[in-house]
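1. Pasted the sequence and its predicted model underneath.
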Amino acid sequence: MKALTSAEMKSFLKSLTGEYDVRAPVRLEDGTRALGHLDEGRLAIEGGPIARKPNDIFFPQFDVILNAKGNKFKVADSLQKPLFVIGFTAEDCECLEFVDKFYSENFRDEIYFAKRDKAVIAAVSGKCGKDGEMLKIAGGKCDLEFIYDGSKYIVCAYTLKGKKIEEKIKCEEKSAKIDELKKLSDSIHNEDLEILKKAGELIRKNAVPDDFWKEIANRCISCTACNIACPTCTCFDVCDHDRERVIERIRMWDSCQLDGFMREASGHNPLGEEYLRARRRIHHKLAADYERWGHITCFLCGRCDDVCPTNIGIKSVNREIVKRFG
Amino acid sequence: MIKSKNEAIVSQNYVPTNCEILSITTLTPSEKLFKIKMPNGKELGHMPGQFVQVSIPGLTEAPISVASSPTRKGYFELAVRNAGTLTGALHKLDEGDYLGIRGPFGSCFDIEAMKGKNLLLISGGCGLAPMRSLIQYCEDNIDEFENVKILYGAKNPEQMLFKDEIRQWEESRHFNCLYTVDEIKSGDNYKGKVGLITKLIPPLNIDKNNTIAVIIGPPVMYKFVIAELMKKGINEEQIIVSLERYMRCGIGKCGHCVIEHKYCCIDGPVFWLKDVMELKGAL
């Protein structure tokens, strides 16, 4: 199998920059580990999920979607080169798969797919989590995967786009023990997954009363970090900016945790009470999306729990739901 | 879900089409009717119940229901209340000006299910605008429907929409039209009924086995009107509602119009009551 050491990985990624706009986890000057260009910081593939959702590359916090001169709008220019993005975890790949489905059904979102269609997604897994922790193997749902065995990244390509990249790698590793790594990955016990499923069932059975959501709302400071961090939160607002005789129509992330999220021009506000907003954040992923898409749309990436200043991320709330109503 | 006959497939789904304003009519102190034409003689291609996103560069967009029937060719109409920055700017436009239109979007009234039925068309306030699209459709295809009753409630005589047309509907042999206002003040030159719209329902003679009711109005109106209809033996499978929500994209992506698992902009705004009555926050 093809494989790369950490040093070879760096030069390999550099070799892709002629053809692709390469984004990889890098350590920025301020110490932050984030997706960036290779010249923005030291390559930092190891360390587990990056703090910011990686799929925001296709749906950034602020995205100019249209430009208007006078009355005439046209679609804003997209990327010049296709993206090559490395750094998705298995959970991130599941989130991306859902968001791709969300953006393609009913109306296909041309702004999203202008970036997404040509992009190559590379997952990172194996013994490269924080302090060498084993990260689950994605095994698909991405174009190719780099599985770290402790000394080398073993390459597994799943799509034609992934195979095209794999062909560029010359280094072989005959003793790659991919089966052992897969067994290790399969043996990762995820208690949160069982709790997520149980909490979902309870919410869908209406076993979680409004009083519970009122308690959660009392602990929420409406900072919106949960929505901002979540790879499957896709809500956006639209605003126009006047920039020297060119109007830019921008879409930017919005949060269902804000009072004005659903307020209508008439003043009617279907999410006007805090507990309804606290409920919506979790009900939507565990019950509403389950009804619409046939599955829960939280994939337990853990980011909302990591960022929530009051410990009411989705895993925490699920544990509380199961403990009290299960 | 009531599907539109013409599923709007727009190649560039966020780019508005510039459309010319043919005429502007003042309906009330806060509402104007814009008669608009698509470029190159095209039709909007909507069905009653659908909406468009109206755009002004610099002020983003707002969802507005189409107030005219697709049977009236060569133009479409939007009744717009001056309620915010964009609608305020719309009210300052003149005939011959252009505005951006995306759509039509959303579900429409289930015309096929209405054919051969008695119709009870109940609207309150601005709800008469989308209902007018359906009323005009019925007027132009009157042989397809049995008795058509129109009930309308406004806050006061000044805020009644389409007064001239209401008079025509009252006089038309095709319609049975009743209206009321919540309140009058001294000096109002008004001879009609006073009281909530729910008071118009009890005296009606309704064939409960062959009637479809349509309700469009302010959020507070629905549960009271539905309760009156149920007293008459009309059930949730015979009632259609059109729900107002804050729609930023119109194509099921922005998340602002979500009612549990339904997206008001693509699954609605027109729903059979049976499909939304159990959804928290729908009514």
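-> Received, thanks. Numbering: from 1, shown residues only, chains lettered A, B, ... in the order given.
2. what about A:Glu167, distance to A:Val155?
-> Shown here: A:Glu167 relative to A:Val155, a distance of 10 Å by C-beta to C-beta, to the nearest Å. Yep, even glycine has a C-beta here, placed from its N, CA and C like the rest.
3. Once you drop chain neighbours, what's closest to whatever residue of chain B ends up closest to chain A?
-> Using C-beta to the nearest C-beta, the single residue of chain B nearest to chain A is B:Gly255, 3.3 Å away. Once flanking residues are discounted, B:Gly255 sits nearest to A:Cys235: 3.3 Å by C-beta to C-beta, 6 or more residues apart in numbering or on different chains.
4. all strands for the stretch 51-200 of chain A, in order.
-> A:62-69, A:72-75, A:83-88, A:120-126, A:144-148, A:153-157 (DSSP state E, counting those that start in this stretch).
5. from those, which stretch is densest packed?
-> Neighbour counts averaged per stretch over the strands of the stretch 51-200 of chain A are highest for strand A:120-126, at a mean of 27; criterion: mean count of other C-beta atoms under 10 Å in any protein chain shown.
6. contacting residues around that strand?
-> A:20, A:25, A:45, A:82-90, A:92-93, A:96, A:134-138, A:141-150, A:153-154, A:161-162, A:165, A:181, A:185 (C-beta atoms under 8 Å, 6 or more residues apart in numbering or on different chains).
7. Contacts only, for the residue nearest the centre of chain A.
-> The residue lying closest to the centre of chain A (C-alpha atoms, centre = their mean) is A:Pro231, at 3.1 Å. Listed by C-beta under 8 Å, 6+ apart, the contact set of A:Pro231 reads A:Lys53, A:Pro54, A:Asn55, A:Asp56, A:Asp92, A:Cys95, A:Leu96, A:Val99, A:Phe299, A:Cys301, A:Arg303.
8. Could you pull up the residues touching residue 51?
-> Reading this off chain A. A:Thr32, A:Arg33, A:Ala34, A:Ala229, A:Arg303, A:Asp306, A:Val307.
9. To clarify, I was referring to chain B.
-> B:63-66, B:103-106, B:130, B:247, B:250, B:265, B:269.
10. I'd like to know which of these is nearest to A:Tyr290.
-> B:Cys265 (20.8 Å; C-beta to C-beta).
11. If we ignore the residues flanking it in sequence, what's nearest the closest one?
-> Nearest non-adjacent residue to B:Cys265, counting by C-beta to C-beta, 6+ apart: B:Met247, 4.4 Å away.
12. next one: A:Arg33
-> Nearest to A:Arg33 is A:Ala44, by C-beta to C-beta, 6+ apart, at 5.0 Å.
13. residues near the one you found, how many?
-> For A:Ala44, the neighbour count with other C-beta atoms under 10 Å in any protein chain shown is 17.
14. ok, so what distance separates it from chain B?
-> A:Ala44 sits 33 Å away from chain B when distances are taken as C-beta to the nearest C-beta, to the nearest Å.
15. So that residue is in contact with A:Thr32, correct?
-> No: under the criterion of C-beta atoms under 8 Å, A:Ala44 makes no contact with A:Thr32, lying 9.7 Å away.
16. For the closest residue to chain B within the stretch 1-150 of chain A, which residues are in contact?
-> Using C-beta to the nearest C-beta, the closest approach of the stretch 1-150 of chain A to chain B is made by A:Phe107 at 3.8 Å. A:Phe107 sits next to B:Val10, B:Asn13, B:Ile251, B:Gly252, B:Lys253, B:Ile266 when contact means C-beta under 8 Å, 6+ apart.
17. what's the spacing between it and A:Phe261?
-> Distance of A:Phe107 to A:Phe261, given as C-beta to C-beta: 21 Å.
18. Equivalent analysis for B:Ile122, please.
-> For B:Ile122 relative to A:Phe261 (C-beta to C-beta), the value is 30 Å.
19. Those two: which is more packed in?
-> A direct count of neighbours by other C-beta under 10 Å for B:Ile122 and A:Phe261 places B:Ile122 higher, at 29 against 23.
20. In contact with that one, which residues?
-> B:Leu151, B:Tyr152, B:Ile197, B:Ile201, B:Ala213, B:Val214, B:Ile215, B:Ile216, B:Gly217, B:Val225.
21. how does chain A divide into domains?
-> A:3-52+A:79-187, A:191-235+A:256-325 (the TED database).
22. Same list (the ones you listed) but as CSV, adding distance to B:Asp143 and mean pLDDT.
-> Shown next, in CSV, are the domains of chain A (distance: least, C-beta to C-beta, whole Å; pLDDT from 0 to 100):
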stretch, distance to B:Asp143, mean pLDDT
domain A:3-52+A:79-187, 35, 93
domain A:191-235+A:256-325, 37, 96
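23. Let me know which of the ones you listed is the nearest to B:Pro70.
-> Taking the domains of chain A one by one with C-beta to C-beta, domain A:3-52+A:79-187 is closest: 21.0 Å.
24. Next, B:Glu158: secondary structure please.
-> helix (DSSP: H, G, I helix; E, B strand; the rest coil).
25. Tell me the pLDDT of it.
-> With respect to pLDDT, B:Glu158 scores 94.
26. A:Ile314 and A:Arg303 touch, don't they?
-> No: if you go by C-beta under 8 Å, A:Ile314 and A:Arg303 don't touch, sitting 9.5 Å apart.
27. The closest residue to B:Glu144 other than its chain neighbours: how many residues sit nearby?
-> With C-beta to C-beta, 6+ apart as the criterion, B:Glu144 has its nearest non-adjacent residue at 4.8 Å, and that residue is B:Lys115. Other residues within reach of B:Lys115, judged by other C-beta under 10 Å, total 14.
28. got a list of what whichever residue of chain A sits closest to chain B touches?
-> Residue nearest to chain B within chain A (C-beta to the nearest C-beta): A:Cys235, separated by 3.3 Å. The neighbourhood of A:Cys235, defined by C-beta under 8 Å, 6+ apart, consists of A:Asn227, A:Trp253, A:Asp254, A:Ser255, A:Cys256, A:Phe261, B:Cys254, B:Gly255, B:His256.
29. contacting residues for the fourth one?
-> I take that to be A:Ser255. Per C-beta under 8 Å, 6+ apart, neighbours of A:Ser255: A:Thr224, A:Asn227, A:Ile228, A:Cys233, A:Cys235, A:Phe261.
30. The residue found closest to the first one once you drop the neighbours it is linked to in the chain: which element?
-> By that I understand A:Thr224. Excluding the flanking residues, the one nearest A:Thr224 by C-beta to C-beta, 6+ apart is A:Ser255, at 3.7 Å. According to DSSP states H and E, A:Ser255 maps onto no helix or strand at all.
31. Quick check: pLDDT value at A:Ser255.
-> 97.
32. just checking, B:Asp94 touches B:Glu20?
-> No: in this structure B:Asp94 lies outside contact range of B:Glu20 using C-beta under 8 Å: 11.1 Å.
33. Pick out whichever of the two has more residues nearby.
-> Here B:Asp94 and B:Glu20 are compared on neighbour count by other C-beta under 10 Å; more neighbours surround B:Glu20, at 15 against 7.
34. now B:Val214, which residues is it bridged with?
-> B:Leu121, B:Ile240 (DSSP bridges).
35. what separates it from B:Glu77, distance-wise?
-> B:Val214 is 19 Å from B:Glu77, by C-beta to C-beta.
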